[in-house]
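> model the structure of this input:
(2 chains)
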2 protein chains.
Amino acid sequence: MSTPALLALDWGTSNLRATLLAADGSPLQHRATPGGVMSVTDGRFAEVLMRLCGDWLEAHPVPVIASGMIGSRQGWREAPYLPCPATLPEAAERLVRVPLTGRSTLHIVPGLAIRHADGTYDVMRGEETQLWGTRPAEGSCCVLPGTHSKWAWMGQAGRIERFETYMTGELYGLLTRHSILGRLMQHGTAAPDAFEDGVRLGLRDHRRASHAIFSARTAGLMNRWAPTALPDYLSGILIGIEIAGARESGGVHDIVLIGDEDLCVRYTRALSLAGLDAVRAAEGVTLDGQWAIARQAGLVDARA
Amino acid sequence: MSTPALLALDWGTSNLRATLLAADGSPLQHRATPGGVMSVTDGRFAEVLMRLCGDWLEAHPVPVIASGMIGSRQGWREAPYLPCPATLPEAAERLVRVPLTGRSTLHIVPGLAIRHADGTYDVMRGEETQLWGTRPAEGSCCVLPGTHSKWAWMGQAGRIERFETYMTGELYGLLTRHSILGRLMQHGTAAPDAFEDGVRLGLRDHRRASHAIFSARTAGLMNRWAPTALPDYLSGILIGIEIAGARESGGVHDIVLIGDEDLCVRYTRALSLAGLDAVRAAEGVTLDGQWAIARQAGLVDARA
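Residues are numbered from 1 along each chain as shown, chains lettered A, B, ... in the order given. Have a look, this model is predicted:
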């Protein structure tokens, strides 16, 4: 293979994904392990990394860059939040360095924090790197669906102006696994009609969110939807609530969706029911962002 | 003791509370067991009842009335929902009779179902009996806080005109026990300031509910509230979201709070932050409602 120039780690709550990159930024090799931050005990992050990538680093002691929850207080080393609005060069200046055994150094990308006008805060870790990898146009609204969906508004030259978190994915998991709503549900069947019905309900009733979700129970009790349709119905309600909520913030146009296939398909459909168009970001935006930050920080040759 | 005239069962999801009532409706004796509907296996409801009250019924084979989840599909016998608007005489006509060993008969109070204008449904079981026991004035808005808070609007002569469910209590339990929000929390300390701050956030940001609740995480991360204050902060957010949501439905005035002391104190404070006054119902409204239904149904002497 070509000579590796960078080892990029996407190290989140549940998984660690490692990619060896060539001097032109193209991926050479990829490995993954369920060694996410939450599964690592007693701070044994170095062990987990070396078990997955020790042979690579021994053969090629390249710089290592990491983004995601690995920089949180529960991670390897806390990378203090960069205040938002924030730019890629600011993040590149604030990489947190952790020496590794051998000649490599780990560079952790800081997350972002924003203080909203009402005194509340929002945070992200990892999504800032995806945003910079996406290079969205000025004025676009980026949506990163997931456990904690992020909505981010972009300014000039890739500056992240503001963002908001919606707990959609986590609420879906809690409600299906642990709540009374889950009792009537049967999983495993796609139910696009129920999903759309749920989205419409969430869009129209987002102001009474804790009431709207209860209809995922009554729709089952009253046989409005079959047990197999209820998971998608609830998914639709929660995504509808998220979209209508984000709309209250203003600036929801020129939407760029960033995320995995299944979620992006759901959100595209839900956004269209809200009368909103969306384009999808290309694959690999995390790597692209890590590469761009590494170049900016001088970890790899900027002329490559 | 005076001669018993009625055995009243408040049989919910978690508990069974039994009260023996005299011919004037006053309570004579009370017993309780954690034998709620969810803990009873293989339909052994008769066993649970007889273990708790068998000696009473043998000595005094009085009629038995029951309200709550015992009339649900998961209960002893399904008591089909009464369509709302609904009155006490309608419920008394639709009691579901279950013969017991000996000379007594169990009478299960039906719950209510309502079909909202948008085609979604709402249900209650047990709260209808509390409402009729409270005898709220025409035009009042009754709030029954809990796992699934109910807001009910009253018409003429005790008719329940419409109602809505808010999953506030269940969401609080899910988010504190199973979500990432719970990770930063320490329980056991009252934090009235954090509660009020949360209420204000929920009231102002209820249109972005799944965003607002995330601030129970960021408030911890950013040291805006101490770990001991975060449970009350989240409680406040969720109650604020509920109140502001119910307000969107209209008719939120002449509020009567029905429920246990701690919850009513919380809701009174939260409602006052929303600029709303509330009065509290007297204690014992479940028994009062059961007695009134039993009288209407002729189970006890209506002249008593």
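> which SS class is A:Trp153?
strand (DSSP: H, G, I helix; E, B strand; the rest coil).
> my bad, A:Val256
Taken by three-state DSSP, the conformation at A:Val256 corresponds to strand.
> surely it touches A:Ala281?
Yes. The criterion here is CB atoms under 8 Å, and A:Val256 meets it with A:Ala281 at 5.6 Å. For glycine as for every other residue, the C-beta is placed from the backbone atoms N, C-alpha and C.
> overlap in contacts, the two.
The contact sets of A:Val256 and A:Ala281 overlap at A:134, A:136, A:142 (CB atoms under 8 Å, 6 or more residues apart in numbering or on different chains).
> which elements pack onto the longest helix along chain A?
In chain A, taking DSSP state H as the definition, the longest helix is helix A:230-248. Secondary-structure packing of helix A:230-248 (3 or more CB pairs under 8 Å, 6 or more residues apart in numbering or on different chains; DSSP states H and E): strand A:160-166, helix A:168-178, helix A:192-204, helix A:209-212, helix A:215-221, helix A:261-273, helix B:209-212.
> hmm, back to that, from the shared contacts of A:Val256 and A:Ala281, which ones fall inside helices?
Reading helices off the shared contacts of A:Val256 and A:Ala281 with DSSP H, I get A:Thr134.
> circling back to that earlier point, could I get the helices and strands packed on helix A:230-248 as a markdown table with mean pLDDT, distance to A:Val252 and mean neighbour count?
Shown next, in a markdown table, are the helices and strands packed on helix A:230-248 (pLDDT from 0 to 100; distance: least, CB to CB, whole Å; neighbours: other CB atoms under 10 Å in any protein chain shown):
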| stretch | mean pLDDT | distance to A:Val252 | mean neighbour count |
| --- | --- | --- | --- |
| strand A:160-166 | 98 | 11 | 23 |
| helix A:168-178 | 96 | 15 | 20 |
| helix A:192-204 | 98 | 12 | 22 |
| helix A:209-212 | 98 | 18 | 27 |
| helix A:215-221 | 96 | 25 | 24 |
| helix A:261-273 | 97 | 9 | 17 |
| helix B:209-212 | 98 | 13 | 27 |
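> just put these in JSON lines and tack on distance to A:Arg103.
Formatted as JSON lines, the helices and strands packed on helix A:230-248 follow (distance: least, CB to CB, whole Å):
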{"stretch": "strand A:160-166", "distance to A:Arg103": "33"}
{"stretch": "helix A:168-178", "distance to A:Arg103": "39"}
{"stretch": "helix A:192-204", "distance to A:Arg103": "52"}
{"stretch": "helix A:209-212", "distance to A:Arg103": "52"}
{"stretch": "helix A:215-221", "distance to A:Arg103": "55"}
{"stretch": "helix A:261-273", "distance to A:Arg103": "39"}
{"stretch": "helix B:209-212", "distance to A:Arg103": "44"}
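> quick one, which of the ones you listed gets closest to B:Arg17.
Smallest distance to B:Arg17 across these (CB to CB): 24.3 Å, for helix A:215-221.
> would the closest one count as contacting chain B?
Yes. Interface with chain B: helix A:215-221 contributes A:215, A:217-219, A:221 (CB under 8 Å from any CB of the partner chain).
> what helices or strands is that helix leaning on?
Helix A:215-221 packs on helix A:230-248, strand B:121-124, going by 3+ CB pairs under 8 Å, 6+ apart.
> so which of the ones you listed comes closest to B:Thr19?
strand B:121-124 (21.1 Å).
> pull the closest one out as CSV, backbone CA atoms only.
Taking Å, rounded to 0.1, in the frame of the first residue of the first chain, the C-alpha atoms of strand B:121-124 are listed here in CSV:
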residue,chain,number,x,y,z
TYR,B,121,-57.3,9.0,20.7
ASP,B,122,-56.9,9.5,24.4
VAL,B,123,-57.8,7.2,27.3
MET,B,124,-58.1,7.2,31.1
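> for the most centrally placed residue in chain A, give me the pLDDT.
Residue closest to the average C-alpha location in chain A (CA atoms, centre = their mean): A:Glu127, at 4.9 Å. Reading off the confidence values, A:Glu127 has pLDDT 98.
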